[in-house]
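[1] After the sequence you'll find the predicted model.
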Amino acid sequence: MEQSRLKDLERRCVQGEPAYCQAACPLRVNVRGLCAALGKEDYGGARKILSKAMPLPDILGRICDHPCEDACIRKEKGGAIEIGRLERSCLEKSSPPAPPLSLPSRNKEVTIYGGGLSSMVCAYELARKGYRVLLEYTGPLPGGRLHSLPEEVLPKSVLEDSWKLLQQMGVIPVPRKKLTFDDPREGEYAYVGTDDPELEHPFSPEEVDSLTHQTSLEGVFVGGFPREGKPSPLGETVDGKGAANSLDRLFQGASLSSGREKKLSRETRLYTPLHEVESLGVQENPVEEARRCLQCECLYCVRECAFLEHYGKDPRLYAREIYNNFAIVHGHHKANKMINSCALCGLCEALCPHDFSMADLCRSSREEMVDRGFMPPSAHEFALLDMEQANSPRAAGFRQGEKGTRGVFFPGCQLTATLPHQTEALVTFLDEKFEGTLGLLLGCCGAPAWWGGRRKMLEERMEDLRNTLQSLGNPPLILACSSCNEVFRNFLPEIPRISLWEELLRKGLPPRKPLEKPLALHDPCTTRETPEWQEGARTILRQLGQPFEELLFSGETTRCCGYGGLQSFAHPEIAEEGVRRRLEESEAPFLTYCAMCRESLYQPDRRTFHFLELLFPPPAPPEKTGFSRRRENREELRRRLLGPPECPENPWNRLELSVSPEVRSLLEERHILDEDLRQVLWKTSKTSEGLLSSRGTFLARSKIGNATFWVEYRQEREIFEICNAWSHRMILELVP
Amino acid sequence: MTHHSRNDLSFSSATEWRCRCGGTLVPRKVAALYMGSRFEVELPACEQCGFILVPEELALGKMLEVERILEDK
C-alpha cells in the first residue's frame, strides 16, 4: 500500500473534522467537549476546556456573541444548544484557576493602549509568553466599554479579578488621565485597542491588515474595531489574541502571515446524519441542556456496519492500521483478521459523503497479502474449496440450446445448491419460453476468489468462462445472482448480460398467486450499483400483486447478509451481528433475490423467501441447506440437467452416514463436510488404525488437503452413525 | 524451521480412549509442525504403534489459537 493512497483515504474520512459549532468559533472552542463535561456535571473539566481556547474566559464566556449557536445543527431537532448560557453556567459554578505559568522573561517590551477587552486579552497573551507588558488605560480600572454592561451580565467583581490576574502575571498598569496614541516612540512595539471608547487614535479598519493586525507603522498593531457596525466581544478577543501572536512572531523573526489563513476558515467537512435523531426542545437546567448536544461526529459508516463497529475505530484509523500491517516484515500481522472481516459490501462508500470505501481498501489489501505470502491459509480455504467443487466436472458443465443458443442461463453455484428444485423448474420454464434456444451453464463465477484476494485464481476462472462462452457464440448471459453479475461486470464486461428478473419480465411470469402477507424486501448488496436489478425485482412483485415493504436500508444503501466478502468464514460473529441488525428492520418475513442472502438470513423462526419460491412454490418450505447438502444438490442438479459427469464416482460416496440434527449443526459450524467424513471413514476402513472408547465408539483420523480430520462414530451394519468430529491443521510427529 | 517450546499445547489429562492395536495411550513427546514452526509437546499416544491422539478440546482450543498466531506471523 502506497503512502499516497493512505493520505488520500485519510483525507476522505471527515471524522476528524471539527464540529459545526467549533468550526464557527474563531477561537475554536471545543464546544462538544464542553457540553460533554457539563452533561456529566463536571464544571471544572468544562472550565478547563473553555480556558484552553479562550483567554480571560470569565469575561468572554459571559458576553460572547456565540456564532456557534447559529451553526449548531440541533436547531433542526428542537432548537440549537444554548451554548452561551452553558458557558456562563460553567463559569459561575467553577472557581477561576491559578494564573497560567508564564514563559521565562524575554526582555522585550510592548505597550498596550486602551483598557478594552482586546487590550486585556493582548496583555494576557503577551504576558503568558514572557514579554514585559505596559497597559495604558483611564479611570480606576481597565475594561473600557465593558464597564457599561449591566451587573447581571458582567459583574464588576469579574473585571476586578481579571485585572488582578493580569497584574499577577506581570502586566504593569499605566493609568492616564487622557488616553491617546499618535505615533510610536522610537523602537516602540505597541498594540492599540480601539474598543476602549476613551482612547483617541488615528486608525480606521481599512488601514489595518485583518489577518495580522499590522499597520503601516512598524511595530504597531491595531484591533478591537466593531464587527458589522456593532461592538463584538468575540471579535475583540480574536483581535487581542491575533495581535499578540503577530508581535510574538515579529520578535521571533517569523513570518507574520504564514499558516494563519487556514485558521480563519469557518468551514468544516464534517457530516453528521440527523435522520435518527429525535427532536428535543431547549432545557432550562444547564446540565440537561448540555446533554441535548448531539456530540456531532460522522461515523455514519461505523454506526451502520457491524464490521466497522466491531473494531471500534474510525476509517482513518483502519486505513492507518492496514498501512502499518504491510510495513511489518518480521512479526505479527495484527490487522490480517480485520482485513478479512469486511463484507466488501460497499455500504460505507454509499453512506460516506466523500466515498471512503473500506471494500476497495480491504479487497486490494487481501490481494497484496496473497501476493506477499502472508494471507493466513485458513482464512478462505473452505470457501475456495467450495468454489473448486462448484466448478468440478461433477457439479459444473454446459449445454447449448437444441435449436441454437440465443441466450445462456447461468444460475450461479449457490442457487443450484440451495434451491435445486426451483432452479430445475425455472430451467424448464425458460426452455419453453426460449423454444429450444436456451443454453445452460452451471458453475461458479469466481466471486470467492475475487473476495479472497486470489487474483490469479480469478483470472483463470475468467479465462475458462470466456472460452466456454466463446464456444457458445457469446450469446447474452442471463444471470440469477447479482454477485455473478458483479464479477462479469468487472472482469468480462464484453459479454452482454441481463438479470433473470428482467428476462422474466420480457418473457412473461409464470401464473402465480401472491402470498397474502407483506414481505420485507431485502436487496442483495451486490445490486447496490445496478438499479436495474432492483427495479426488475420490484416490477415482478407488482406484476404478481405481491405486497411488500421497503426496508430502512434498501436500494443503494442496502445491507449485506454477511456472506459477501467471505465475512462469515473469516469472522462469523460479525456476520451474525449483521444478520441480527438486518432482521430487526422489519417483523415481516423477508424476501430476497440472492440465494446466499436467503441462506444467511435464515432463522428457524423467521422465514426468508427467495423470488423463485414465489414463482415456483415448493410443496413444503425448504430449510437452511447447509454446506454439505449444498454440494450434494449441485452435483444432483448437474446430473438432472446435463446428465451424469464423465468422471467416475468417488469410491467413498456410497458410504451411508447417519447424522443427528445436533451433530449436523456442529459439523456445519466446524466446516466439516459429509464428504470429509466419508473420506476419513473410507481411508481408515482399509487399515486397523484408530481408537476405541469405553462407550463403544470408534475414533478415526485422516489428513485431507491441509487439515487432519477426526471422526467419532458407531457402525451399525452398513450405516455409520456420526457422534462427533473435529479438525486441525498442525502436523504431529512422534519424537523418537 | 523455528524451534519453540510449547508446553501449553501439552495434554496430560487421562483419556477415555485405547488403541485399536491393543496398546494403551501414554503421554509421549510429539513434534507439532505448522507454517515453518516446530515445537515439542506431550500428547497421548499409543505405547505400541505410536498413534497420536489430538483430543477435541485441544484441537479446537489451544491448538487453533496457536495455528492462527502462526498464520499471522
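    Now that the structure is in, tell me what you want to look at.

[2] any chance you could map the strands in chain B?
    Taking DSSP state E as the test, the strands found in chain B are B:2-5, B:17-19, B:25-34, B:37-46.

[3] same deal with the stretch 151-300 of chain A?
    Assignment of strands within the stretch 151-300 of chain A using DSSP state E, counting those that start in this stretch yields the ranges A:172-175, A:179-180, A:190-193, A:199-200, A:220-223.

[4] and of those strands, who's closest to chain B?
    Distance to chain B, taken as Cβ to the nearest Cβ, is lowest for strand A:220-223 among those, at 58.4 Å. Every residue, glycine included, has its C-beta placed from N, CA and C.

[5] in the chain, what spans have low per-residue confidence?
    With no chain named, the answer covers chain A. A:262-264 (pLDDT under 70).

[6] The chain in question should be chain B.
    For chain B, residues meeting the criterion pLDDT under 70 lie at B:1-14.

[7] Close to chain A: what parts of it are there?
    For chain B, the residues in contact with chain A (Cβ under 8 Å from any Cβ of the partner chain) are B:16-21, B:25, B:28-35, B:40, B:43, B:45, B:49-54, B:56, B:59-60, B:63-64, B:66-69, B:71-73.

[8] now with 6 Å?
    Those residues of chain B that sit near chain A, judged by Cβ under 6 Å from any Cβ of the partner chain, are B:16-20, B:29-34, B:50, B:52, B:54, B:56, B:59-60, B:63, B:67, B:71-72.

[9] now the strands of chain B as CSV including distance to A:M596?
    Output for those, formatted as CSV (distance: least, Cβ to Cβ, whole Å):
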stretch, distance to A:M596
strand B:2-5, 40
strand B:17-19, 39
strand B:25-34, 31
strand B:37-46, 36
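
[10] Is it possible to get these out as a markdown table so that each row also shows mean neighbour count?
    What follows is the strands of chain B, written out as a markdown table (neighbours: other Cβ atoms under 10 Å in any protein chain shown):
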| stretch | mean neighbour count |
| --- | --- |
| strand B:2-5 | 10 |
| strand B:17-19 | 20 |
| strand B:25-34 | 17 |
| strand B:37-46 | 20 |
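
[11] Of all those strands, which one is nearest A:V680?
    With Cβ to Cβ as the measure, strand B:17-19 is the member of those nearest A:V680 (16.2 Å).

[12] hang on, the earlier thing: of the strands of chain B, which is nearest A:M369?
    Closest to A:M369 of the strands of chain B, according to Cβ to Cβ: strand B:25-34, at 18.3 Å.

[13] Next, the angle from the closest one to strand B:37-46.
    With axes from the mean of the first three to the mean of the last three Cα atoms, to 10 degrees defining the directions, strand B:25-34 sits at 160 degrees from strand B:37-46.

[14] Which strands border strand B:25-34, and is each parallel or antiparallel?
    Taking DSSP bridges as the criterion, strand B:25-34 sits next to strand A:731-734 (antiparallel), strand B:37-46 (antiparallel) in its sheet.

[15] Any chance you could list what contacts that strand?
    Applying Cβ atoms under 6 Å, 6 or more residues apart in numbering or on different chains, the set of residues contacting strand B:25-34 from outside is A:730-735, B:12, B:15, B:17, B:38-47, B:52, B:67, B:70.

[16] Nearest the geometric middle of chain A, what residue?
    Most central residue of chain A, judged by C-alpha distance to the mean C-alpha position with Cα atoms, centre = their mean, is A:C301 at 3.1 Å.

[17] What about whichever residue of chain B sits closest to chain A, how many residues nearby?
    Taking Cβ to the nearest Cβ, chain A has its nearest neighbour within chain B at B:E71, 3.6 Å off. Each residue near B:E71 was counted by other Cβ atoms under 10 Å in any protein chain shown, and the total is 19.

[18] surely it meets A:M375?
    No - distance between B:E71 and A:M375: 8.7 Å, which falls outside the contact criterion (Cβ atoms under 6 Å).

[19] Export the strands paired with strand B:25-34 as TSV, with columns for distance to A:S568.
    Putting these into TSV (distance: least, Cβ to Cβ, whole Å) gives the following:
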stretch	distance to A:S568
strand A:731-734	27
strand B:37-46	28
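
[20] follow-up on the earlier one: ok, the residue nearest to the centre of chain A touching A:L351?
    Yes - assessed by Cβ under 6 Å, A:C301 is found in contact with A:L351 at 5.2 Å.

[21] ok, which stretches of the stretch 551-700 of chain A are helices?
    Along the stretch 551-700 of chain A, the stretches classed as helices by DSSP state H, counting those that start in this stretch are A:567-570, A:572-584, A:595-601, A:611-615, A:627-642, A:661-669, A:674-685.

[22] out of those, deepest packed?
    The highest mean neighbour count among these, using mean count of other Cβ atoms under 10 Å in any protein chain shown, belongs to helix A:595-601: a mean of 26.

[23] hang on, the earlier thing: include mean neighbour count when you put the strands of the stretch 151-300 of chain A into a markdown table, please.
    Supplementary listing: these in a markdown table, determined by neighbours: other Cβ under 10 Å:
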| stretch | mean neighbour count |
| --- | --- |
| strand A:172-175 | 14 |
| strand A:179-180 | 16 |
| strand A:190-193 | 30 |
| strand A:199-200 | 17 |
| strand A:220-223 | 28 |
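
[24] By proximity to chain B, which residue of chain A wins?
    Chain A approaches chain B most closely through A:P376 (3.6 Å), counting by Cβ to the nearest Cβ.

[25] Check the offset of the helix or strand hosting A:R85 from the chain's centre.
    Secondary-structure element containing A:R85, defined by DSSP states H and E: helix A:83-92. Here the centre of mass of C-alpha atoms in helix A:83-92, compared against the chain's by Cα atoms, centre = their mean, to the nearest Å, lies 35 Å away.

[26] Could you check it and say which residues are buried?
    Buried residues in helix A:83-92, counting neighbours by 16 or more other Cβ atoms under 10 Å in any protein chain shown, are found at A:83-91.

[27] Would you mind measuring from the residue nearest to the residue of chain A closest to chain B when sequence neighbours are not counted to A:Y323?
    In this structure, A:P376 finds its nearest non-sequential neighbour in B:E71, 3.6 Å apart by Cβ to Cβ, 6 or more residues apart in numbering or on different chains. Using Cβ to Cβ, to the nearest Å, we find B:E71 at a distance of 21 Å from A:Y323.

[28] ditto for A:G346
    Look at A:G346 and A:Y323: by Cβ to Cβ, they are 21 Å apart.

[29] With B:L58 instead?
    B:L58 is 37 Å from A:Y323, where distance means Cβ to Cβ.

[30] same question, A:E718
    Distance, A:E718 to A:Y323, by Cβ to Cβ: 58 Å.

[31] Between the two, tell me which one has more neighbours.
    The residue with more neighbours, out of A:E718 and A:Y323, is A:Y323; 20 against 8, by other Cβ under 10 Å.

[32] any idea which element that one lies in?
    Under the criterion DSSP H and E, the helix or strand holding A:Y323 is helix A:315-327.
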